[in-house]
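Asker: quick one: sequence and predicted model below, then my questions.
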Amino acid sequence: MTGTWIGSDLPPIWRHGEEYFLLGHDEALYLVRNRCPHRGGPLKAGFINAAGELVCPMHRGAFAVDQLISLPTTIRLDEGPTP
Ligand code: FES
């Protein structure tokens with residue numbers, strides 16, 4: 001699947017006490033912390049706008065997906081053969 005999508009319907013993903021959500025972008029998968037860079041809104045409940053930005057539901061801040069992917073808290077899920 002190409003493009004950008006949010007795993008909004010998936011159960012919460014917890015890691016070290018923080019909630020993350022699954023973000024698909026250009027055929028890669030990422031775990032993004034479910035806290036808006038602005039004031040901690042639940043990004044998972046946002047949407048992708050026509051410009052390909054993720055719009056936060058709290059104050060409608062729009063964040064470039066590349067910006068979210070490059071956050072130090074974002075985890076890229078790498079594919080690879082199972083050993
Ligand atoms: S908390 Fe996300 S835009 Fe303000």
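Answerer: That came through fine.
Asker: which residues in the chain form strands?
Answerer: Under the criterion DSSP state E, the chain contains strands at 4-6, 13-15, 18-25, 28-33, 47-48, 53-55, 62-64, 75-77.
Asker: ok now the last one, how far from the chain's centre?
Answerer: Taking Cα atoms, centre = their mean, to the nearest Å, one finds strand 75-77 lying 10 Å from the centre of the chain it belongs to.
Asker: quick one: mean pLDDT over it.
Answerer: For strand 75-77, the mean pLDDT works out to 96.
Asker: around the ligand, pick out the residues from this structure.
Answerer: 36, 38, 39, 40, 41, 56, 58, 59, 61 (Cβ under 6 Å from any ligand atom). No exception for glycine: its C-beta is placed from N, CA and C like everyone else's.
Asker: from those residues, list the buried ones, please.
Answerer: 36, 41, 56, 61 (16 or more other Cβ atoms under 10 Å).
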